[in-house]
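A.B. asks: sequence unavailable; structure follows:
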């Protein structure tokens, strides 16, 4: 199965060297989103939404390992969206992925990232006296156990036979902020999402624009400094 996947990735990469831009339309690269049927943040409505994924089965626009983002043309996107994907890489590889985000973004671009919050997971397990296989919360994919959050969604790993669905590292708000700053983003805004036990980040290459500060204001009540 692994050999077949590698052949699919190589074949698709040869035929999809670039994605055509729609003139005058902002563009977002969804890294590791699996399929465009999975919703992304509503503030990207009306944007050109390009999907990049290592697995061809979801019909991504770009079949590519996110660790190879820096092989793509730089400055191509206004935003990167990456939800529950960065934990699928070992920490040093995740830093390469973040540097790829920085590379693929234009000068005023930003990255929006969500990852499981291991700090919240450990606190919930302790407070609720949960075992690893106990359910932490319900998601569109079904019940999510503590084991799924820490190590990867077990049913997906089992049915696909692909270990890239496993989790290879974990994050807290502090460690997510550090890897984003180490990857070249000088301005990082963080919040926690208690319902899904996640960390949510917006990372900017430069001082946010007025439109980006409006996004920060509406999302986290953060305004431009006087």
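C.D. replies: Thanks, I have the structure now. Everything numeric in this text was worked out from a predicted model, so none of it was measured.

A.B. asks: quick one: contacts for the most centrally placed residue in the chain?
C.D. replies: Centroid check for the chain by C-alpha atoms, centre = their mean gives residue 82 as the closest residue, at 1.9 Å. Counting by C-beta atoms under 8 Å, 6 or more residues apart in numbering, residue 82 makes contact with 30, 31, 32, 66, 101, 111, 112, 113, 114. All C-beta atoms are positioned from the backbone trio N, CA, C, and that covers glycine.

A.B. asks: try residue 69
C.D. replies: With contacts defined as C-beta under 8 Å, 6+ apart, the neighbours of residue 69 are 31, 52, 97, 99, 100, 101, 103, 104.

A.B. asks: confirm it sits in a strand?
C.D. replies: No. With DSSP: H, G, I helix; E, B strand; the rest coil as the criterion, residue 69 is located in helix rather than a strand.

A.B. asks: picking that back up, so which of the contacts of residue 82 are in strands?
C.D. replies: If you go by DSSP state E, the contacts of residue 82 have 30, 31, 111, 112, 113, 114 in strands.

A.B. asks: what's the closest of those residues to residue 60?
C.D. replies: Sorting the ones in strands among the contacts of residue 82 by distance to residue 60 puts residue 30 at the head of the list, at 8.5 Å, by C-beta to C-beta.

A.B. asks: count of residues packed around the closest one?
C.D. replies: In terms of burial, residue 30 registers 26 neighbours under the definition other C-beta atoms under 10 Å.

A.B. asks: these two touch, right, it and residue 51?
C.D. replies: Yes. At 4.8 Å, residue 30 and residue 51 qualify as touching, with contact defined as C-beta atoms under 8 Å.

A.B. asks: which residues do these two both contact?
C.D. replies: Shared contacts of residue 30 and residue 51, defined by C-beta under 8 Å, 6+ apart, are found at residue 36.

A.B. asks: any idea which of the contacts of residue 82 is closest to residue 136?
C.D. replies: Each of the contacts of residue 82 was scored against residue 136 by C-beta to C-beta, and residue 114 proved nearest at 15.6 Å.
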